[in-house]
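In: got a predicted model here, sequence first, then my questions.
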Amino acid sequence: MSKDKGIYLAILLLATVLLTSSKSVLSERGQNTDVQSYDKFLTNYTYPFEVYTYSFSSQGKDMKMAYMYLKPKKPQMGFITLLHGKNFNGSYWDETAKFLHEKGFGILVPDQIGFGKSSKPVDYQYTFEVLAHNTKRLLEFLNIESTHVIGHSMGGMLGSRFALLYPDLTRHLILVNPIGLENYLLYSEYKDVDFFYQKESKLTSADIISYQKKYYYDGKWNTKFAKYANPLIGLINGPDWKELAKISALVYDMIFTGSVIEEFPYFQVPVTLVLGTRDRTGPGRNWMKPNVTYELGRYDKLGNKIKSYNSEIEVIELKDIGHAPQIEDFDGFRKVLEDTIEKN
């Protein structure tokens, strides 16, 4: 072997070792953003339980709603339906679903239209009313006559609308750090779909991690947190993100225009509000109306505000927990969930 070739091989070997070491360190810290890219249906992303498909028609379109369904181990316990947030799909309910299923409940975890493995129409009127109606149709298809409903983040707004529309189907509503506890357009300027499309189409993996670290996990990041961010980051890295960014923009419009908080006095079912008090999620915070001093997203204060709307709502505060209690502190969340379900 020539001297020059030997030096070249040595340099190549050292570079390989350094690259491997670097990737290993990133992985151990949960900071590695070099995740797999996914198509719009998360085809190569594996869910924690078997995924089924419900086919139906909505707004003149053929739709497929993906869902996970676990039969009750104790039929007398009934069903619990888990509704996901905007930055997730049904798969992030894995620990909660497993825990509740072991308790005996049947579990239903749908991916809403526009999310996860479900249909992704870009020319669809996304409203909480239509998503609630789609969910009702799925329950009817599965012959589920009533259900506890647990909604997180955007899923809390959806769960609220579902319970208001279909009290006979709803045994108990549990809202986990829901958005929509404030009517955002009272305080922030209206931004249209084009505005949100421009923002969403430019999102990067680093943006997702930075946002979730700030609002979900108190500046921390680890492999568990990265696991649940992986599907969204994979979609951003994937071939269909421009299309999905349009859907995301339509969903933002739904969130800002689909306020439910004014109807909280009219719930006809038991309602429990589980609030991680460190959460500061406040859609519209960056484009407030002139001279507005109200601070959006103060989850440490929203519990009392909600009680003023409806004193019968049970408020449970989780001190020093952020926007995703079921991920950040599952053990604490599990105990609260078990207690409130037993009471209702």
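Out: Received the coordinates, thanks.

In: got a list of contacts for the helix or strand that residue 198 is a member of?
Out: Residue 198 is part of helix 193-201 when elements are defined by DSSP states H and E. With C-beta atoms under 8 Å, 6 or more residues apart in numbering as the test, helix 193-201 has contacts from 241-242, 245-246, 248-250, 252-253. Where you see a C-beta, it was placed from the backbone N, CA and C, and this is true even at glycine.

In: tell me the buried residues in it?
Out: If you call a residue buried by 16 or more other C-beta atoms under 10 Å, then helix 193-201 has these buried ones: 196-197, 199-201.

In: again, but for stretch 95-112
Out: 95-97, 99-101, 103, 105-112.

In: wait, isn't residue 49 in contact with residue 68?
Out: Yes - using C-beta atoms under 8 Å, residue 49 is in contact with residue 68, at 4.4 Å.

In: overlap in contacts of the two?
Out: 97, 109.

In: quick one, which of the two is more surrounded?
Out: Neighbour count, other C-beta atoms under 10 Å: between residue 49 and residue 68, residue 68 has more, with 23 against 18.

In: pretty sure that one contacts residue 107?
Out: Yes - Residue 68 is in contact with residue 107 according to C-beta under 8 Å; the separation is 7.2 Å.

In: joint contacts of these two?
Out: Counting by C-beta under 8 Å, 6+ apart, the residues touching both residue 68 and residue 107 are residue 97.

In: would you quantify the distance from the most centrally placed residue in the chain to residue 152?
Out: The centroid of the chain falls nearest to residue 85 when counting by C-alpha atoms, centre = their mean (2.1 Å). For residue 85, the distance to residue 152 equals 5 Å [C-beta to C-beta, to the nearest Å].

In: next one: residue 135
Out: Distance from residue 135 to residue 152, counting by C-beta to C-beta: 15 Å.

In: residue 86 now?
Out: 10 Å.

In: ditto for residue 317
Out: Taking C-beta to C-beta, one finds residue 317 at 16 Å from residue 152.

In: which of these two has more neighbours?
Out: Counted by other C-beta under 10 Å, residue 317 and residue 152 do not tie: residue 152 has more neighbours, with 29 against 16.

In: pLDDT weak spots in the stretch 201-344 of the chain?
Out: Within the stretch 201-344 of the chain, no range satisfies pLDDT under 70.

In: which residues in it form helices?
Out: 205-215, 223-237, 241-257, 299-309, 325-328, 330-343 (DSSP state H, counting those that start in this stretch).

In: could you pull out the helices for the stretch 1-150 of the chain?
Out: So, for the stretch 1-150 of the chain - with DSSP H, counting those that start in this stretch - the helices run 3-29, 94-102, 128-141.

In: about what we covered before: return every residue with contacts to both of residue 85 and residue 152.
Out: Residues within reach of residue 85 and of residue 152 at once, by C-beta under 8 Å, 6+ apart, are residue 324.

In: the nearest residue to residue 184 once chain neighbours are set aside: neighbour count?
Out: Sequence neighbours aside, residue 284 is the residue nearest to residue 184 in space, at 4.3 Å (criterion: C-beta to C-beta, 6 or more residues apart in numbering). By other C-beta under 10 Å, 21 other residues sit near residue 284.

In: residues in contact with residue 284?
Out: Going by C-beta under 8 Å, 6+ apart, the list of residues near residue 284 reads 184-185, 187-189, 256, 296.

In: coming back round to it: tabulate the helices of the stretch 201-344 of the chain (a markdown table), appending mean neighbour count.
Out: Shown next, in a markdown table, are the helices of the stretch 201-344 of the chain (neighbours: other C-beta atoms under 10 Å):
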| stretch | mean neighbour count |
| --- | --- |
| helix 205-215 | 16 |
| helix 223-237 | 19 |
| helix 241-257 | 19 |
| helix 299-309 | 16 |
| helix 325-328 | 24 |
| helix 330-343 | 15 |
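
In: these two touch, right, residue 167 and residue 270?
Out: No - look at residue 167 against residue 270 with C-beta under 8 Å: they stay out of range, at 10.5 Å.

In: mind checking which of the two has more residues around it?
Out: For residue 167 and residue 270, the more surrounded residue by other C-beta under 10 Å is residue 270, and the numbers stand at 18 against 14.

In: quick one: the more buried one from residue 175, how far?
Out: In this view, residue 270 and residue 175 are 12 Å apart by C-beta to C-beta.

In: same thing with residue 71?
Out: Distance from residue 71 to residue 175, counting by C-beta to C-beta: 26 Å.

In: show me which of the two is the more surrounded one.
Out: residue 175 (29 against 10).

In: who's in contact with that one?
Out: Residue 175 is in contact with 151, 156, 159-160, 271-274, counting by C-beta under 8 Å, 6+ apart.

In: helix or strand for residue 178, which one?
Out: Using DSSP H and E, residue 178 sits in no helix or strand.

In: so it touches residue 150, yeah?
Out: No - using C-beta under 8 Å, residue 178 makes no contact with residue 150, being 10.5 Å away.

In: give the contact list for residue 79.
Out: 72, 105-108, 144, 146-148.

In: measure it to residue 154 for me?
Out: Taking C-beta to C-beta, one finds residue 79 at 21 Å from residue 154.

In: list of residues touching stretch 248-256?
Out: With C-beta under 8 Å, 6+ apart as the test, stretch 248-256 has contacts from 86, 114, 122, 124, 126-128, 154, 157, 179-180, 184-185, 188, 190-197, 199-200, 283-284.
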